Structure formats: C-alpha cells, structure tokens
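>>> No letters, just coordinates:
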C-alpha cells in the first residue's frame with residue numbers, strides 16, 4: 001500500500017475538544033459513551049469496516065468488524081499544543097496495523113487546560129483528502145445551529161464537484177491526449193530542480209507545526225487582486241519556502257514548483273479521485289503582492305486543466321502507482337506539496353464535545369521533505385506544516401508563512 005520506513009500514507013487531522021457530551025467539565029472523558037456513539041456511526045461507514053488482505057501480489061478489501069476498544073483509545077498525555085504537534089509528528093512515522101481496518105481515533109490528554117486533543121488517522125488507501133473529509137463529517141456531530149468555535153465570521157462549504165464537459169468532442173479528446181502525453185513525459189523525465197535541501201532521503205525525525213488565519217480577512221484582502229484564499233495559501237507557502245532556503249544557505253530560485261491536488265467529481269466507488277496541479281511559486285519576486293498576482297494567474301488556468309485531465313495518468317492503476325512510487329523517490333519535478341480541503345459549513349462535536357480547533361497534516365511522499373495541508377474550519381484557514389526536522393528548518397518556514405498569512409489578513 002506504498003508505505004515505507006518513516007513514510008506512512010495516512011490522512012491525519014488533529015483537533016482540540018472542549019467540555020460537553022462525553023467530556024466532563026474538568027475534561028475527564030467517558031470512553032464508554034464515546035465508543036458507543038462511534039460504534040453506531042461506523043456501522044453506517046463501509047470504508048471503516050474493511051481491511052486490506054493480500055491476494056498474490058495485490059491487495060483486496062474484505063469485511064472486518066472493527067475492535068472499537070483498539071480503534072478509539074486514550075494515549076499518553078502531552079504538554080500543551082506544542083506537545084500535540086510533536087505527537088502528530090510521531091504518528092506520521094508510525095504505520096497503522098495492517099491486520100485491522102486502516103483508521104484510528106486517539107484522545108490526547110493535556111493538549112489544553114480545558115480539554116484533550118483528538119487525532120483521527122485514515123490510510124490513503126481508504127480515502128483521499130476529500131473523501132476523508134466526508135468521513136469526518138459522518139463520524140462527528142454537526143455543531144448546534146449558530147454555534148461558533150472561537151471567532152467564526154465566515155466559513156466555506158464543501159466544494160461542489162466540478163461538472164464534466166461533453167466527452168464526444170474530438171478536439172477535446174486530442175487535446176487531453178496531448179496534455180496527457182506531456183504529463184507522462186514530464187513525470188518520467190522532468191528535472192526542473194537541482195540539488196536542494198527540500199529534496200532527498202528523509203530522516204525518521206518528523207516535525208509538525210500548526211497555523212491559523214481568518215478566512216474573511218484573507219478574502220477581503222486578496223479578492224480585489226483577482227486572487228483566492230487558495231492563492232493566498234500558496235503565496236504564504238512561497239514566503240515559507242523562501243525563508244527555509246535562506247536559512248539553509250541556498251540560493252533563491254526564480255521559480256519553485258510545488259504540487260497541489262485538485263478535487264475531481266466523485267465517480268464510482270474509488271476512494272481516491274484527485275487531479276494534480278503544478279504551481280511554480282515565484283520566489284525570485286521580492287514583492288509578496290506581485291507573487292500573489294503571478295500565482296493567481298497560474299492557478300486560474302492550471303485548475304481547469306487539472307480537472308479536465310483527471311487523475312495523473314500513471315496513478316490510474318496499481319502498476320502505474322508502483323512506477324510512480326519508485327520515480328517519486330528520486331524526482332526533481334516538485335519541491336513540496338500544498339493541499340487545501342474545504343471544510344464544513346459550521347463546526348463539529350465529537351459525541352457531544354465541541355471541536356474548538358482543527359488542523360490537517362499532509363503525507364510526505366517520495367523524496368519531498370516538506371508539505372502544507374489546509375482546511376477551512378470555524379471561519380479560519382487551518383494549516384498543518386509537516387517537515388523532515390533533521391534536514392529542513394520547519395520552524396523558520398512556519399514563522400515566515402505565518403507572518404505572510406498575518407500580513408494578508410490585516
């Protein structure tokens with residue numbers, strides 16, 4: 001399932017819980033109540049009731065009743081939010097048990113003074129980011145009408161699936177074929193990047209940092225410039241990459257290519273249905289507003305093309321996925337990953353306990369040493385930065401990215 005030592009292909013989301021429901025006013029959990037609620041939800045989610053079984057060189061799914069005592073459990077306490085970040089970093093290197101359904105919900109005491117943290121892990125073999133977001137919404141309760149987690153001036157609904165154009169247009173078919181061949185050639189032989197600290201064999205020392213920025217403030221600042229919140233995310237990531245390269249003593253390239261998944265319309269039962277958009281971050285441009293404009297000009301075209309083209313050609317079957325997995329370990333096409341998943345319209349409760357904050361954490365695949373994941377929640381754009389702490393100064397990246405998000409939100 002394309003897991004490797006130090007690389008576990010899981011969708012991870014971390015949150016903070018407040019008193020209520022299964023959590024007493026002092027934060028003490030009633031685990032029996034929590035498990036009883038989740039047991040009912042799991043009964044309605046087939047993806048969480050299957051495990052992978054080997055059949056020759058391949059795997060297939062078989063029905064498996066989850067042991068809720070194992071899948072929903074308390075772990076060792078941590079020391080505040082920094083401790084929760086460190087725990088998430090450790091979990092990104094720990095595989096899920098292969099003889100069970102590939103998911104777990106962990107309660108993490110000590111994340112805040114008022115309540116514990118919560119961590120949900122779902123293997124990417126089960127779901128991509130969009131599918132996992134839907135599973136989260138089905139496992140958790142919606143918040144009460146009008147309820148806000150912190151300051152909630154505005155939220156984004158889950159994005160509607162893009163509509164497909166008619167498929168009987170010969171010109172469109174030829175164009176898709178031409179683009180597909182170009183994407184395969186670039187995947188196999190692309191070498192846009194030279195040697196950089198951002199690429200290479202990764203250590204087992206993971207790091208995670210969390211950031212938040214108010215969506216309404218970001219929108220009001222970037223929309224007049226013809227940009228979106230996602231463009232602002234990419235612009236802030238550009239500031240982070242720039243700072244990390246300076247800290248490593250490397251020259252700043254004019255452009256730094258990164259990969260961003262693009263949601264496709266759900267078709268059939270496949271759990272992973274995403275396209276790929278390559279965005280060249282203009283690190284050589286010193287003016288951050290001009291960087292934002294250049295990014296927005298790219299994404300307007302690249303997003304449409306990525307959706308029209310569909311899943312990356314070499315990821316449309318198990319053989320291609322294995323080829324991609326091998327190529328990714330020595331690729332020099334992209335320097336990082338950025339992913340942005342739209343969140344719920346309101347807030348969540350877990351068995352009655354309010355979820356007061358939420359952050360996603362992206363997988364580091366291939367030879368990439370830093371990735372950014374974002375989700376909209378309670379009026380904020382919530383970002384998780386995942387990095388190889390032995391090779392990349394992720395704290396420098398996070399500081400610069402946070403500063404840029406703060407500037408854009410002023």
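Happy to help now that I have it. Not measured: the values here are computed from a predicted model. Numbers count the residues shown, from 1 in each chain.

>>> Name the helix or strand of this protein that has the lowest mean pLDDT.
Ranked by mean pLDDT, DSSP states H and E, the weakest helix or strand in the chain is helix 170-189, scoring a mean of 51.

>>> May I see the buried residues of the next helix or strand after that helix?
As assigned by DSSP states H and E, the chain's next helix or strand after helix 170-189 is strand 206-214. If you call a residue buried by 16 or more other CB atoms under 10 Å, then strand 206-214 has these buried ones: 206-214. Heads up, the C-betas are built off the backbone N, CA and C, glycines and all.

>>> and residue 240, how many residues sit next to it?
Neighbour count for residue 240, taken as other CB atoms under 10 Å: 30.

>>> Please name every helix or strand in contact with the strand or helix carrying it.
Under the criterion of DSSP H and E, residue 240 resides in helix 229-247. Other elements packing on helix 229-247 under the criterion 3 or more CB pairs under 8 Å, 6 or more residues apart in numbering; DSSP states H and E are helix 215-222, strand 256-263, strand 274-281, helix 288-309, strand 337-341, strand 370-377, strand 380-388, helix 394-408.

>>> Go again with 6 Å.
Judged by 3 or more CB pairs under 6 Å, 6 or more residues apart in numbering; DSSP states H and E, helix 229-247 is in contact with helix 215-222, helix 288-309, strand 337-341, helix 394-408.

>>> tell me the angle of it relative to strand 380-388?
Taking axes from the mean of the first three to the mean of the last three CA atoms, to 10 degrees, one finds helix 229-247 and strand 380-388 inclined to each other by 30 degrees.

>>> Would you mind getting the angle between helix 229-247 and strand 337-341?
Per the same axes, to 10 degrees, the angle that helix 229-247 makes with strand 337-341 is 150 degrees.

>>> Give me the buried stretch members for helix 229-247, please.
For helix 229-247, by 16+ other CB under 10 Å, it's 229-245, 247.

>>> Any regions of this structure where pLDDT drops low?
Low-confidence segments of the chain (pLDDT under 70): 1-6, 57, 128-129, 144-192, 263-275, 305-329.

>>> Verify the stated contact: residue 244 with residue 397.
Yes. Contact status for residue 244 versus residue 397: in contact at 4.4 Å, counting by CB atoms under 6 Å.

>>> contact partners of stretch 202-211?
Residues outside stretch 202-211 that contact it (CB atoms under 6 Å, 6 or more residues apart in numbering) are 6, 85, 88-89, 92-93, 359, 361, 369, 383-390, 394, 398, 402.

>>> And those, which of them are buried?
Burial by neighbour count, 16+ other CB under 10 Å: within the contacts of stretch 202-211 this picks out 6, 85, 88-89, 92-93, 359, 361, 369, 383-389, 394, 398, 402.

>>> Relative to residue 73, how far out is residue 211?
Noted for residue 211: a distance of 28 Å to residue 73, by CB to CB, to the nearest Å.

>>> residues near residue 334, how many?
Neighbours of residue 334 (other CB under 10 Å): 25.

>>> List the contacts of it.
257-259.

>>> out of those residues, which is most surrounded?
residue 258 (23 neighbours).

>>> hey, what's it bridged with?
residue 279 (DSSP bridges).

>>> if I look at it, how far off is residue 397?
Counting by CB to CB, the separation of residue 258 from residue 397 is 13 Å.

>>> same question, residue 375
From residue 375 to residue 397 the distance is 19 Å (CB to CB).

>>> Looking only at neighbour counts, state which of those two leads.
residue 397 (27 against 23).

>>> and the closest residue to that one other than its chain neighbours, what is it in contact with?
Excluding the flanking residues, the one nearest residue 397 by CB to CB, 6 or more residues apart in numbering is residue 240, at 3.9 Å. Residue 240 sits next to 397, 400-401 when contact means CB under 6 Å, 6+ apart.

>>> Look up how far residue 277 lies from residue 240.
Distance from residue 240 to residue 277, by CB to CB: 19 Å.

>>> Kindly report the same for residue 70.
Taken as CB to CB, the span from residue 70 to residue 277 is 38 Å.
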